[in-house]
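**Q** Whatever this is, show me its structure:
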Amino acid sequence: MSILLLDNHDERRHETELLLKFSEYEVYGSGRCDGWQSQISDDALPDTVILGECDDRNDCIATVAAIKQELGTITPVLLLSASRDKSQIPNELASIIVNVIELPLKHRQLIHALHLAQVYRESQSGGSGATPMLFRSLVGHSRKITQVRKLIEKVADTDANVLVLGESGTGKEVVARNLHYHSSRRDKPFVPVNCGAIPPDLLESELFGHEKGAFTGAISARQGRFELAEGGTLFLDEIGDMPLPMQVKLLRVIQERVFERVGSNRSIHVDVRIVAATHRELETEIRFGRFREDLYYRLNVFPIEMPALRDRSEDTPLLIKELITRMEHDQRGSVRLTPAAIAALANYPWPGNVRELSNLVERLMIMYPYGVVDVRDLPEKFRGVAVVSDEPGEDEMVETGDGDTVVKIDPNLPSVMRLPRDGLDLKEHLNQLEYSLIKQALDEADGVVAHAAKRLQMRRTTLVEKMRKYGFTRQEHLSEI
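**A** Model (predicted):
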């Protein structure tokens, strides 16, 4: 996010600019209110404007009106004020600013206001411009999820049966929908059925349909899921829970592509691609006689295993962003998470996998509508080893950089590790951590700096400066900048 900072109070403007840069925001321009036009460029406009002290009330109102006229109504304006109460602000001003940042400036409140500005801008511009299709999107850059995408690409446009393996909540249906969407059957139906959720005595009728009077309650003929999926894909979720007698009938349909409705002797031919999924170890089920070995080999033509979320924790931030985008699109609200909160969630083991993560995001959206969630706001079990203070404290002056730069930092920001008993050299530790993460990002991006910068969520030019700082001067890295 790029920010235009306008404030006639020179000392406060300098302090705010330092705090923004410390938080890795791009300060687009900084200056006095009466010279703001000289700070903007037609090539790239700021995402957000922070307005501080002007000459007087009328000058402040005129400045905001001119900003809206020049930059457009979607550009959020944040106001620095001694009071957060909008009733204390002139009506002409309160109606066109997004949020008030109370002075003296506090890091947590500033970040919260900037997140609200981002939400406002996205809502005014229609979001990202694309309808979020979570069921078509296998989110993540981890090696395991990248391998899953490659397997889908290879098998999608074939008629091979696919068996999707993985724990509950990992997104096995997402894989099935991707297989269907990227196949030549995409214009035909995708029909899911949960084999474990249907009573055994009703499963045959659910899959194959029935004729009128076939059993008590069959007051009319009914198509089954196989007929409904004609020409498309039938997704048999939790196939490991299917009763043995039903497994025999399913095996016949897979082999002969023909079945009969319950109560009928008329054969129906079917052209359906079968994708099955289970959280069970089917080879173990076979040994205990709970699953047919011949059916297993018919289904397991092309296995795809979805990794547990704890095994691809680096994808957690992207998944959180995707889930929030989907819920925003469904107009269920919005929320933003601080980097500390995201780091804590990335370290959580997620026994319920992506489904548990989705439930948490929805819960946070209800508890903190359009707010910013820090690690201390998370339910206790998600905080991990973070040290969190429940009582808000006063800001402290924390020295950073070379000793000349002083920035106000909220002392209650959580730590993400325990301090060793013998202490440590903080500057050296942070440098080693930064070096390690940059090296990892460059290795995973095959040396492409733009891609590594995206992984690290920083500007490409910032990453180049850090690479030079740590001696990443090899041609294979810098040639791709």
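**Q** the domain parsing of this protein - what is it?
**A** Domain assignment for the chain by automatic domain parsing gives 2-124, 143-306, 312-417, 419-478.
**Q** Same list (these) but as JSON lines, adding mean pLDDT and mean neighbour count.
**A** Placement of C-beta: from N, CA and C, glycine included. Compiled in JSON lines, the domains of the chain are given as follows (pLDDT from 0 to 100; neighbours: other Cβ atoms under 10 Å):
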{"stretch": "domain 2-124", "mean pLDDT": "77", "mean neighbour count": "17"}
{"stretch": "domain 143-306", "mean pLDDT": "92", "mean neighbour count": "17"}
{"stretch": "domain 312-417", "mean pLDDT": "74", "mean neighbour count": "16"}
{"stretch": "domain 419-478", "mean pLDDT": "76", "mean neighbour count": "14"}
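**Q** The residue nearest to residue 96 when sequence neighbours are not counted: helix or strand, and which one exactly?
**A** Among residues not flanking residue 96 along the chain, residue 64 sits closest, at 5.7 Å (Cβ to Cβ, 6 or more residues apart in numbering). Counting by DSSP states H and E, the element that carries residue 64 is helix 57-71.
**Q** Send me that helix as CSV with only the CA atoms.
**A** Taking Å, rounded to 0.1, in the frame of the first residue of the first chain, the C-alpha atoms of helix 57-71 are listed here in CSV:
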residue,chain,number,x,y,z
ARG,A,57,-10.6,24.2,9.5
ASN,A,58,-11.6,25.6,6.1
ASP,A,59,-8.2,24.8,4.7
CYS,A,60,-8.5,21.2,5.9
ILE,A,61,-12.0,20.8,4.4
ALA,A,62,-10.8,22.3,1.1
THR,A,63,-7.8,20.0,1.0
VAL,A,64,-9.8,16.8,1.5
ALA,A,65,-12.3,17.9,-1.2
ALA,A,66,-9.5,18.6,-3.6
ILE,A,67,-7.9,15.2,-2.9
LYS,A,68,-11.2,13.5,-3.6
GLN,A,69,-11.7,15.4,-6.8
GLU,A,70,-8.1,14.8,-8.0
LEU,A,71,-7.6,11.2,-6.8
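**Q** other SSEs contacting it?
**A** Contact partners of helix 57-71 among helices and strands, from 3 or more Cβ pairs under 8 Å, 6 or more residues apart in numbering; DSSP states H and E: strand 48-51, strand 77-81, helix 91-94.
**Q** In its sheet, which strands sit next to the second one, and in what direction?
**A** What it means is strand 77-81. Strands that pair with strand 77-81, judged by DSSP bridges, come out as strand 48-51 (parallel), strand 99-102 (parallel).
**Q** For it, which outside residues touch it?
**A** For strand 77-81, the external contacting residues (Cβ atoms under 8 Å, 6 or more residues apart in numbering) are 7, 12, 16, 48-53, 64, 67-68, 88-89, 93, 96-103, 105, 113-114, 117.
**Q** go on, the first one?
**A** Outside strand 48-51, the residues within contact range by Cβ under 8 Å, 6+ apart are 1-7, 16, 33, 60, 63-64, 67, 71, 75-80, 97, 101, 114, 117-118, 121.
**Q** what ranges do the strands span in the stretch 251-400 of the chain?
**A** For the stretch 251-400 of the chain, the strands defined by DSSP state E, counting those that start in this stretch cover 258-260, 267-269, 273-278, 302-305, 336-337, 372-373, 396-400.
**Q** cool, the stretch 51-200 of the chain as well?
**A** For the stretch 51-200 of the chain, the strands defined by DSSP E, counting those that start in this stretch cover 77-81, 99-102, 162-165, 190-194.
**Q** so what secondary structure elements neighbour the third one?
**A** Pointing back at strand 162-165 there. Where contact means 3+ Cβ pairs under 8 Å, 6+ apart, strand 162-165 is packed against helix 172-181, strand 273-278, strand 302-305.
**Q** for the last one, same thing?
**A** If you count contacts as 3+ Cβ pairs under 8 Å, 6+ apart, strand 190-194 packs onto helix 172-181, helix 225-228, strand 233-237.
**Q** nearest to residue 325, of the ones you listed?
**A** In terms of Cβ to Cβ, the element of the helices and strands packed on strand 190-194 nearest to residue 325 is helix 172-181, at 15.3 Å.
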